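1. Okay, here's the prediction I keep looking at, along with the sequence it came from:
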Amino acid sequence: MATVKFRVLHKSDNAQIYLRFSLSRDNVFQSKTGKAINPAFWSSKTSRPIQKLPEFKNLALELNELETFIMKSYNSDYAKGVIFSKEWLDEKINSFYNRIDEKTDDSVFIIYLSNFIDFKKSIASNTNSTIGKYNNLKDRFSDYQKKKNYLIEEISAKVLLDFKNYLIIECNLLETTATRFIKNLKTVIFDARNNGKQINHQIAGFSTGTTNSEHKVFLSLNEIEQIKEITTLNTDWNIARDWLILGCYLGQRASDLLRMTKKMIYTKTDSEGNSFRFIEITQQKTGEKVVIPLHDEVELILYKYNGDFPPVFAYNQGSNSALFNRHIKKVCELAGIHEMVRGKVYNEITKKNEIVETEKCNLVSSHICRRSFATNFYGNKMFTTPQLMSITGHKTESMFLNYIGRTSDDWAMQTAKTFKEIAQQKIS
């Protein structure tokens, strides 16, 4: 049976207190606790300080807690098949007193996160966007914890809730954005667990909330028809209109859409001799290669520009996207896209994003292209979800459904309706 005993081995005025951990007669380990005492105030009989002074009473309580901690750690690690040694005992004593090198010890969350980011950078498949979100997490959590460096195992459900509230209240982030930070934080903690780190037992069962509450703004097929009909004397607006229509039928982010050229287009013939045109592009954010069949609406616009895509607004990618965003708001306003909907708008007074009810044209941004494509064609039974995902680049069906604001229940209902139609065809 494992036992813990404290000992004072020297007679100096500031003698070290040792912890003796015994598993059997031949299996005994001894380590310094880092605590010292004058031997005159130490009882060999109780292996505790003689409690004549308040500081010795506190020291005795501290040693009792240390003994309890060691025994609990032993019982937990014994069940896991851990091999016990002096190094194990040293680690547990240091853990109890939080004695760590906060600059190098990856039991510290920020240190582990830094190493996690470095590892992600070393893998070619990880994009700048992926690295960026974990760098943002590191910056936000460093600001949140201030002078305290949390150990991985100290991050509990309470810490997650407190961090989320900090992001919403102190950093003026929307709840959906704060939720994404918490999800990323949990990803890092679970990675630490997979690498042998102790994590708080509350983490696995902690619900981060959902990002599906974010309002999904898209252009319907009818609204796209309205946009097609407008003509203006402003060249930039006309070009933005054409890029917007292209985007709604190509299903890509602005960073990919606005760098498309005719060189990316190729023709392929099927076994029956039918020719089809496709565009192939590697998505900047994910690094995924996607192949997109060219819709008739896309071909019409390409024909207008002699087989090529419309000109861009600027050669700098950031400026190009910014101008595109600005122009398509005006295009949708001219097209009469005035339906009142709820969405995210930046408040110049509070300097914070807010969910408000406003005209849809005010909520239009470049991302509406990809979401409109996904939403409009998801509702068409002629297309399967995997077909659409191969174009949008979503990895899983749940990610795709969350993106367009649908749930698995919606998918089940669509399937049920198809079953009903099949049954009615058999009867007729």
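-> Thanks, I have the structure now.

2. so where's the stretch 101-250 of the chain uncertain?
-> 101-104, 147, 208-215 (pLDDT under 70).

3. Okay, helices next: where are they in it?
-> Assigned by DSSP state H, counting those that start in this stretch, the helices in the stretch 101-250 of the chain fall at 109-122, 128-145, 157-169, 175-194, 221-229, 235-250.

4. what's the host helix or strand of Ser73 packed up against?
-> Under the criterion of DSSP states H and E, Ser73 resides in helix 54-79. Under the contact definition 3 or more C-beta pairs under 8 Å, 6 or more residues apart in numbering; DSSP states H and E, helix 54-79 sits against strand 3-8, strand 15-24, strand 27-37, strand 48-49, helix 86-96. For glycine as for every other residue, the C-beta is placed from the backbone atoms N, C-alpha and C.

5. Which elements pack onto the shortest one?
-> For strand 48-49, the elements it packs on are strand 42-43, helix 54-79, judged by 3+ C-beta pairs under 8 Å, 6+ apart.

6. Buried deepest among the helices and strands packed on helix 54-79, which one?
-> When neighbours are counted by mean count of other C-beta atoms under 10 Å, the highest per-stretch mean among these falls to strand 48-49, a mean of 22.

7. Sheet partners, orientation included, of that one?
-> strand 42-43 (antiparallel) (DSSP bridges).

8. what's the residue positioned nearest the centre of the chain in contact with, if anything?
-> By C-alpha atoms, centre = their mean, the mean C-alpha position of the chain lies nearest to Asn184, the distance being 3.4 Å. The neighbours of Asn184, taking C-beta atoms under 8 Å, 6 or more residues apart in numbering as the test, are Lys133, Tyr134, Leu137.

9. thought the last one was touching Thr187?
-> The reference is to Leu137. No. Contact between Leu137 and Thr187 fails when scored by C-beta atoms under 8 Å: they sit 9.2 Å apart.

10. So which of those two has more stuff around it?
-> Leu137 (22 against 14; other C-beta atoms under 10 Å).

11. Once you drop chain neighbours, what's closest to the more buried one?
-> If the residues on either side of it in the chain are set aside, Leu137 comes closest to Asn184, at 5.1 Å by C-beta to C-beta, 6 or more residues apart in numbering.

12. gap between the one you found and Leu174?
-> Asn184 sits 15 Å away from Leu174, going by C-beta to C-beta, to the nearest Å.

13. next one: Glu397
-> The value you get for Glu397 to Leu174, if C-beta to C-beta is used, is 25 Å.

14. These two: who's more crowded?
-> Set side by side, Glu397 and Leu174 show unequal neighbour counts under other C-beta under 10 Å, the larger going to Leu174 at 18 against 15.

15. Contact partners for the more buried one?
-> Ile168, Glu214, Lys344, Asn353, Ile355.

16. quick one: which of those residues has the most company?
-> Ranked by neighbours (other C-beta under 10 Å), the contacts of Leu174 are led by Glu214, which has 18 neighbours.

17. show me what contacts Phe163?
-> Phe163 neighbours (C-beta under 8 Å, 6+ apart): Phe141, Tyr144, Phe181, Ile182, Leu185.

18. Give me the subset of the contacts of Leu174 that lies in strands.
-> With strands defined by DSSP state E, the entries of those inside them are Lys344, Asn353, Ile355.

19. Just give me the closest of those to Ile70.
-> The shortest separation between Ile70 and any of those is 49.6 Å, and it belongs to Asn353 (by C-beta to C-beta).

20. and the gap between that closest one and Val345?
-> Taking C-beta to C-beta as the criterion, Asn353 is separated from Val345 by 7 Å.

21. From start to finish, how long is stretch 94-111 in a straight line?
-> With C-alpha to C-alpha, to the nearest Å as the measure, the ends of stretch 94-111 fall 18 Å from one another.

22. heads up, I number from 135, so please use that
-> With 135 as the first residue, the last one maps to stretch 228-245.

23. and for that stretch, what are the contacting residues?
-> Applying C-beta under 8 Å, 6+ apart, the contact partners of stretch 228-245 are 168, 199-200, 203-204, 227, 246, 249, 272, 275-276, 279, 283-289, 322-323, 331.

24. And stretch 356-372, by the same measure?
-> The set of residues that contact stretch 356-372 without belonging to it, under C-beta under 8 Å, 6+ apart, is 353, 375, 378-379, 382, 431, 447, 457, 461, 464-466, 468-471, 506.

25. now these: which count as buried?
-> Among the contacts of stretch 356-372, those classed as buried by 16 or more other C-beta atoms under 10 Å are 353, 375, 378-379, 382, 431, 447, 457, 461, 464-466, 468-469, 471, 506.

26. Of all pairs in these, which one is the farthest apart?
-> Greatest spacing in these, by C-beta to C-beta: Glu431 and Leu457 (22.8 Å).

27. which ones are touching His144?
-> Residues in contact with His144 (C-beta under 8 Å, 6+ apart) are Gln150, Pro173.

28. now do the one 3 residues further on
-> Shown here is Asp147, whose contacts under the criterion C-beta under 8 Å, 6+ apart are Asn172.

29. you'd agree it is in a helix?
-> No. Assignment of Asp147 by DSSP: H, G, I helix; E, B strand; the rest coil gives coil, placing it outside any helix.
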